[in-house]
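>>> I would like to see how this sequence folds:
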Amino acid sequence: MGSRQLRVGIVGVGNCASSFVQGLTYYRGAASNEPIPGLSNPVLGGYHVDDIKISSAFDIAASKVGIDVAEAIYAPPNNTHRFAEVAKTGVVVDRGRTLDGLGIFLREEIAESEKPECDVAEKLRRSGTEIVVCYLPVGSQQAVEFYAEQALRGGCAFVNCVPVFIASKPCWRERFEKEKLPLIGDDIKSQVGATIVHRVLTNLFRERGVRLDRTYQLNFGGNTDFRNMLERSRLESKKISKTQAVMSQLDIPLAPENVHVGPSDFVPWLTDRKFCHIRMEGTTFGGVPLTAEVKLEVWDSPNSAGIVIDAVRCAKLALDRGVGGALIGPSSYFMKSPPRQFTDADARERTLQFISGEGASGRLA
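This is a model prediction of the structure:
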């Protein structure tokens, strides 16, 4: 068994990182024998939330680089809900590499730090980081691949929370497997977000014999994620990820013209709140039509933080067991675009088996 501490490095100290770090304070000392609002598992595989420690962090914003993580998570343009006062961590945000991590619209809002870029892999090694959590903006293909490479060089597991395909690609899976480093990805599912609600309803239609004919999912919000996605060229992987996550639940996917899933617009005054509108049109018994509409409002970043807390603990269990490569159960349950799709009930069962050690290695065969 490994150490009882999970040393986590964060790439991109934005709203999602803010909620994740705040959660480590908010749930400190949470009892393991009673339900805790917002937390699926106070203890997972023997690891409590208290065992998760921030050991390194990387960003490119002048407002965040060079200051303690506890201060950086509240620095602009972050605008998520503030639900915990985080004490100084002793971990200073290092200057990472920009590449394509800063799109046209984010450049209007974020000034790049003039500090020199650090050696990321060396920093990971020196800080004792075991698990890297990637929170880069949508469309950061080169930057995400760069940090996946640094995780390999630094000897770290990699949890990819963004819709750039790493765990979904055999070439990356094989490299992490060779180094015996766990990989969980791609594109985090929120606890109760647009994708999981849409998937569950799609499964309901299928299991109850209703033919889904047409559907859309429209999302808008006021955080930097939605501002970034105004640059439509950065949206391709996001739309693919969200669409596949829903369509994978059908035996026969809908024709492209009958499904639309994706971000729609940016409304600044919503801050980190996200609105989702889902419409589903189907055919029931006797050819009679059925229509369902759902409106969901969430704080976007806290909605995913609890899932990441579980994901990093699964990555730590795999490290303890010497298991590398993509973890099939955790990836399918925690992520929108895993290497292999299952229903959420099946994915949850596979994840529980992985945690208990009852299943196989948990790696993608």
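
>>> can you report how many residues lie near Glu85?
By other CB atoms under 10 Å, 10 other residues sit near Glu85. C-betas here are computed from N, CA, C, even on glycine.

>>> cool, and Trp269?
Residue neighbour count, defined by other CB under 10 Å, stands at 6 for Trp269.

>>> residue ranges in this protein under the pLDDT threshold?
Along the chain, the parts satisfying pLDDT under 70 run over 1-3, 33-34, 359-365.

>>> farthest residue from the center of the protein?
Most distant from the centre of the chain: Gly286, at 41.6 Å, with distances by CA atoms, centre = their mean.

>>> ok, now how distant is that residue from Glu108?
Gly286 is 55 Å from Glu108, where distance means CB to CB, to the nearest Å.

>>> hang on, Arg153 packs against Asp119?
No. Arg153 is not in contact with Asp119 according to CB atoms under 8 Å; the separation is 9.5 Å.

>>> can you tell me the SS state at Arg214?
strand (DSSP: H, G, I helix; E, B strand; the rest coil).

>>> dump the residue contacts of it.
Going by CB atoms under 8 Å, 6 or more residues apart in numbering, Arg214 touches Leu254, Asn258, Val259, Met280, Glu281.

>>> could you list which of those residues belong to strands?
Val259, Met280, Glu281 (DSSP state E).

>>> which one of the residues you listed is nearest to Asp344?
Asp344 has its nearest neighbour among the ones in strands among the contacts of Arg214 in Met280, at 17.0 Å by CB to CB.

>>> still on that earlier bit, out of the ones in strands among the contacts of Arg214, who's the most crowded?
Ranking the ones in strands among the contacts of Arg214 using other CB under 10 Å puts Met280 first, with 21 neighbours.

>>> wait, it sits on His260?
No. When contacts are counted by CB under 8 Å, Met280 is not listed as touching His260 (11.9 Å).

>>> overlap in contacts, these two.
Residues touching both Met280 and His260 (CB under 8 Å, 6+ apart): Thr215.

>>> what about Thr351, how many neighbours?
Applying other CB under 10 Å, we find 24 residues neighbouring Thr351.
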